Every structure is written in structure tokens, then in C-alpha cells.
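S.K.: Sequence first, predicted coordinates after that:
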Amino acid sequence: MPNLNASENVSVRTLDLLGSDAEYLDPAWDMVKQVKGIHRVDYEECLPGNITLGAIDEATLSGVALLSVMRNVFVIALAVHPDKQRNGIGSLLLRNVEAYATGQNIFEVALEPAASDSVLKFYERNGYAWTRETRPWADPYEMIKVLQ
Ligand SMILES: CC(C)(COP(=O)(O)OP(=O)(O)OC[C@H]1O[C@@H](n2cnc3c(N)ncnc32)[C@H](O)[C@@H]1OP(=O)(O)O)[C@@H](O)C(=O)NCCC(=O)NCCS
């Protein structure tokens, strides 16, 4: 997977949180629990069969994306450590999510954004748009980005 880094210190890679990367499971959950409506038991049940990308900053996990890969790549959860937010890590993770998708010959990334102005602005700035603007028949609560 191409590693599209925001800075020289941050790298993004897939994580096996239930195996070789178990040391990052608690830090990952500490970030993901910021996303409303997710419980730890459900999060851990989601891990097998889905893909986790982690942004690692000098051996410290600073952000995670949990992805379901089917006809498109669906971002189940995206979260950055509270102390590291607004430093480009969320955008870096999204760029790596998109690179992961195109690497699988998938050209659409979808997500259901939290209803907060800052989260919506974040996704809009990263090129995501409401499906209801382009696809009235699709889930109206999803935002998508079509990849070139
Ligand atoms: C949403 C989130 C993933 C963004 O990650 P990030 O690394 O902070 O985002 P980036 O640094 O790449 O982008 C920052 C831009 O997003 C928007 N933004 C992100 N967080 C914001 C906040 N708390 N207040 C206002 N704007 C915010 C702004 O447009 C900001 O640009 P600016 O700093 O120039 O104003 C992160 O804030 C987060 O983990 N939030 C808690 C979990 C969550 O809500 N996840 C989304 C669930 S759908």
C-alpha cells in the first residue's frame, strides 16, 4: 500500500489488532470511543474480517480507520487522538483509505458522518459529498467520494 505521509514521522499501515499489533488495541479503542454510538464489544467484534489502518508516530498510535471492504470501501470509524487532532492525521488516514481502495480496484469510499459541523467540514474539505445530492435513491445519510 502506498504510504502517503503527512510528515516524515507519521506512517500509515494496516494493523492486526487481534494478533501481531495487539499492543495497539487499547490505544485504538481510546480513539474510536470518541465516535458516538460505538461500544467496545461491537468494535472488537468488527475487527476480524474488516481492515484497520493505523497512523503511527514514532511507535505511538495517533489515528485509526476501520474499514469494511465490499462493493465499496466503507469507513466504519475514523478517529485521531485528541492531542493530535487538527494536524492533518485524519486527512492523511483518508488519503491512505482511498489509496487502499484503488489498490483493490474499488473506486468509491463511503461513510456515515457524525452530525457535527466540524466533522462535516472535515469530510467536505477532503472531497466527500452527500449521496442525496447525486443519488437520491441511495442511503441519504452517507457521504461518498468517487475516486479517479
Ligand atoms: C474528525 C477527525 C477524524 C478529524 O481528524 P483530524 O486529524 O483532526 O483532521 P485534519 O487535521 O486532517 O483536518 C482538520 C480540519 O477538519 C476540521 N476539523 C476537525 N476537527 C475539528 C474541530 N474539533 N473543530 C473544528 N474543525 C475541525 C477543520 O476543517 C480542520 O481544518 P482547520 O484545522 O484548518 O480548521 C478527528 O477530529 C476525530 O477523531 N474526531 C473524533 C472522532 C470522530 O468524530 N470521528 C468521525 C466520526 S464520523
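M.R.: Structure received.
S.K.: From now on I want contacts and neighbour counts done on CA atoms only, so please keep to that.
M.R.: Noted.
S.K.: which bits of the chain sit near the ligand?
M.R.: Residues of the chain found near the ligand (Cα under 6 Å from any ligand atom) are 34-35, 77-80, 85-91, 113-114, 118-119, 121-122.
S.K.: So which of these belong to strands?
M.R.: 77-80 (DSSP state E).
S.K.: Switch these over to TSV, and while doing so, append neighbour count and pLDDT to every line.
M.R.: Formatted as TSV, these follow (neighbours: other Cα atoms under 10 Å; pLDDT from 0 to 100):
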residue	neighbour count	pLDDT
A77	23	96
L78	22	98
A79	23	98
V80	25	97
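S.K.: On the three-state scheme, A55 is what?
M.R.: With DSSP: H, G, I helix; E, B strand; the rest coil as the basis, A55 sits in strand.
S.K.: Go through stretch 106-123 and flag the buried ones.
M.R.: Residues 106-113, 120, 122-123 are the ones in stretch 106-123 that count as buried (16 or more other Cα atoms under 10 Å).
S.K.: Now go through those and say which are in helices.
M.R.: 120, 122-123 (DSSP state H).
S.K.: Going toward the C-terminus from the lowest-mean-pLDDT helix or strand in the chain, what's the next helix or strand?
M.R.: Using mean pLDDT, DSSP states H and E, the weakest-scoring helix or strand in the chain turns out to be helix 131-134, at a mean of 77. Going down the chain from helix 131-134, the next helix or strand is strand 143-146, by DSSP states H and E.
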